[in-house]
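J.: okay, predicted coordinates and the sequence, questions at the end:
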Amino acid sequence: MMAEIPILVAHRGYAAHWPENTLPGLDAAVAAGARWVEVDMQLTADGVPVLLHDANLERVAGRDASLFDLTAAALADLPVGEPARFGARFAQLRAPTLEAFATWLAGQPGVTAFVELKQESITQYGPLAVVDACMHAMVAARGRWAPISFDYEALALAGDAGAGPLGWVVRGFDEEIAALARALPARWLFCNHERLPAGPLPRGPWEWVIYEVADAALAHSLLGRGARWLETQAVGELRRALDATGAAP
């Protein structure tokens, strides 16, 4: 018996059916009922934050090129319709800037976002540059978003800059991670379901956000272990499946 109704997070938008990290994909996620979305942020060669998961453009644009060699203007000329998955169906789509995403988010009543500060850009430009770029770009959506990252230093800097609640993406869990999460402090711990410790989820002053949840069976298993937040690329399907069992948000 679940004590709380789960919260679904649309992972990179409605990525099961749309190119990831695109505004139409995010529109589709909201239309499917998502009230929390997650996007990824990288920096271009001229320091403009954009929505991209990979620093290499092969997967989203079909071009073996590094984002770090492209200006924002050059990137705007490249389609990011994931041709290996969708062919030419979404050839008109471009990677939105983070500022454009903030404007989009400000126009979505009741929707809140997680913005992941990607490790590749942090390694390339340093955590301070990435945090500063993110904070400036997200001004239009103040109070409607939270930074998340694998990078602990970047999150600490974001907290110092007044970003609000923080989400630390972890690759596992032990007592050292628990102590660091408390010190941050982390409002959320994000983890792939395959990397979780066995048994009930460890409790703390955080909430778990479990990602790569693709079906209702896995969702119910995680909810039974104490999860509440589930991140999925198929938000509509998972919502309907949970609704059929009386568990949907």
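T.: Ah, there it is.

J.: count the neighbours of the residue lying closest to residue 63 once chain neighbours are set aside for me.
T.: In this structure, residue 63 finds its nearest non-sequential neighbour in residue 57, 4.9 Å apart by C-beta to C-beta, 6 or more residues apart in numbering. The C-beta positions use only the backbone N, C-alpha and C, and glycine is treated the same way. Other residues lying near residue 57 total 20 when counted by other C-beta atoms under 10 Å.

J.: with residue 209 instead?
T.: Neighbours of residue 209 (other C-beta under 10 Å): 24.

J.: who's in contact with it?
T.: Contact analysis of residue 209 by C-beta atoms under 8 Å, 6 or more residues apart in numbering lists 9, 114, 167, 188, 189, 190, 191, 229, 230, 231.

J.: and these as TSV, adding neighbour count?
T.: Listed next are the contacts of residue 209 as TSV, based on neighbours: other C-beta atoms under 10 Å:
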residue	neighbour count
9	25
114	24
167	24
188	20
189	24
190	23
191	24
229	21
230	25
231	25
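
J.: just give me the closest of those residues to residue 47.
T.: Within those, the smallest distance to residue 47 is 22.1 Å, found for residue 114 (C-beta to C-beta).

J.: for the closest residue to that closest one other than its chain neighbours, what are its contacts?
T.: Ranked by C-beta to C-beta, 6+ apart and with sequence neighbours excluded, the top spatial neighbour of residue 114 is residue 38, at 4.3 Å. When contacts are counted by C-beta under 8 Å, 6+ apart, residue 38 is found next to 9, 10, 11, 12, 113, 114, 115, 116, 148, 231.

J.: dump the residue contacts of residue 238.
T.: With C-beta under 8 Å, 6+ apart, residue 238 has these contacts: 8, 213, 214, 215, 216, 219, 230, 232.

J.: what distance do you get for the fourth one to residue 150?
T.: Look at residue 215 and residue 150: by C-beta to C-beta, to the nearest Å, they are 25 Å apart.

J.: of these two, which one has the most company?
T.: Comparing residue 215 with residue 150 by other C-beta under 10 Å, the one with more neighbours is residue 150, at 16 against 13.

J.: residue 230 bridge partners, please.
T.: residue 8, residue 210 (DSSP bridges).

J.: for residue 56, that is, sorry about that
T.: residue 66.

J.: returning to that earlier point: out of the contacts of residue 238, which is nearest to residue 71?
T.: Among these, and counting by C-beta to C-beta, the member closest to residue 71 is residue 232, at 33.8 Å.

J.: thought that closest one was touching residue 10?
T.: Yes. With contact defined as C-beta atoms under 8 Å, residue 232 reaches residue 10; the gap is 7.2 Å.

J.: what are the buried residues along stretch 198-210?
T.: 201, 202, 204, 206, 207, 208, 209, 210 (16 or more other C-beta atoms under 10 Å).
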